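Engineer: quick one, structure for this:
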Amino acid sequence: QVQLTESGGGSVQAGGSLRLSCAASAESKTSVCMGWSRRSPGKEREGVARISGDGDTSYADSVAGRFTISLDNANNTLYLQMNSLKPDDTGTYYCAAGIGNFCPTVSLAYWGQGTQVTVSS
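Structural biologist: Take a look at the predicted model:
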């Protein structure tokens, strides 16, 4: 069982930045896949970014070039650096983890409780 705890959400004006963190209770392995998803008001949950244990990353088109996902294996912590934030980025952001060899399609079985991000115009 893996426990994930997010932090770093908050309120920011459009154009600002936030960094989300996710502490994992288990050590990461090369076959691990971790990611961030978000649920915005009135929208379906959306995958934002993923990273494999060996550092391969993928991003949703809506955040590519603005968000950066990274994984600190030594401290079992996942990050999401969010720059040039827009009101459409508002939502609850969830950290998730799964095991598999092809990260973009891995089923993420473990989820955190979420952290709120609010971007005002």
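Engineer: ok, what's across the strand from the residue nearest in space to the middle of the chain?
Structural biologist: For the chain, the residue nearest the mean C-alpha position is W36 (2.3 Å; C-alpha atoms, centre = their mean). Beta-bridge partners recorded for W36 (DSSP bridges): A49, C95.
Engineer: tell me the confidence at the closest residue to V106 other than its chain neighbours?
Structural biologist: When the adjacent residues along the chain are set aside, V106 lies closest to G100, with 3.5 Å between them (C-beta to C-beta, 6 or more residues apart in numbering). All C-beta spots, glycine's among them, are computed from the backbone N, C-alpha and C. pLDDT for G100: 85.
Engineer: surely G100 touches C33?
Structural biologist: Yes. With contact defined as C-beta atoms under 8 Å, G100 reaches C33; the gap is 5.8 Å.
Engineer: more neighbours, the two?
Structural biologist: Neighbours per residue (other C-beta atoms under 10 Å) separate G100 from C33, with C33 holding more: 24 against 15.
Engineer: hang on, that one packs against L108?
Structural biologist: Yes. Using C-beta under 8 Å, C33 is in contact with L108, at 7.0 Å.
Engineer: list the residues that contact both of those two?
Structural biologist: Both C33 and L108 are contacted by A97, G98, under the criterion C-beta atoms under 8 Å, 6 or more residues apart in numbering.
Engineer: and the nearest residue to F67 once chain neighbours are set aside, how far is that from G8?
Structural biologist: Excluding the flanking residues, the one nearest F67 by C-beta to C-beta, 6+ apart is M82, at 5.1 Å. Distance of M82 to G8, computed by C-beta to C-beta, to the nearest Å: 9 Å.
Engineer: what residues are shared contacts of the two?
Structural biologist: L18, R19, L20.
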